Each structure stands twice: as structure tokens, then as C-alpha cells.
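Asker: The sequence and its predicted three-dimensional model are supplied below.
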Amino acid sequence: MSENREICLFQNIRQVIKAELWCVKNKIQVRVIPVPKPYSTECGLCLELDGADGDRLEQFAVENGMWIQRIQSVK
């Protein structure tokens, strides 16, 4: 992954899985990781991806009625 990474938080694990599958289908490199301690979500998992792909993922999420929060990832 590039230096410009971000994490995407979702409301629940179903949304994380749906977003991950969409990313894989659309050839977006993504990793499922635990939600970092400073943040909190119901499911405890989030997606990490290149920041350049964040807009595409956010558009998909919004079009599918999903709650998403994008956060610039820190090394």
C-alpha cells in the first residue's frame, strides 16, 4: 500500500464485509484490520486502503445506505 493510506469505519460487520467484497471485485487493495483504539465502532473492524480509492469506496457506501467515516491513517 502507498504512504497515503486511510481507514474506513462502518456501522457494523455486515457493512465491513460488503465493502470489502466490493473492493476486491473492483480491484481495490484493501485490508480488514481492528479499529484503532482512539476510535470506536460497534463491530470493532474497519478497512484500510489507499487514500486514492477512498472516494470510490465512500460513493459505493453512500449509494448503498451505509454509514462510513474516513480517517487518514497514521503510520
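Answerer: Sure thing, it's come through.
Asker: Could you double-check that Gln29 lies in contact with Ala52?
Answerer: No: Gln29 is beyond contact range of Ala52, at 10.4 Å (criterion: C-beta atoms under 8 Å). Quick note: C-beta positions are derived from backbone N, CA and C, even for glycine.
Asker: between the two, what contacts are shared?
Answerer: Common neighbours of Gln29 and Ala52, using C-beta atoms under 8 Å, 6 or more residues apart in numbering, do not exist here.
Asker: Do a quick rundown of the strands in the protein.
Answerer: Applying DSSP state E to the chain gives strands spanning 5-10, 30-34, 45-50, 68-72.
Asker: Show me which helix runs longest in this structure.
Answerer: Of all segments of type helix in the chain, defined using DSSP state H, the longest is helix 13-25.
Asker: From the chain's centroid, how far away is it?
Answerer: 8 Å (C-alpha atoms, centre = their mean, to the nearest Å).
Asker: Show me what it is in contact with.
Answerer: Helix 13-25 has contacts (C-beta under 8 Å, 6+ apart) with 8, 10, 29-30, 32, 43-47, 49, 53, 57, 60-61, 64, 66-68.
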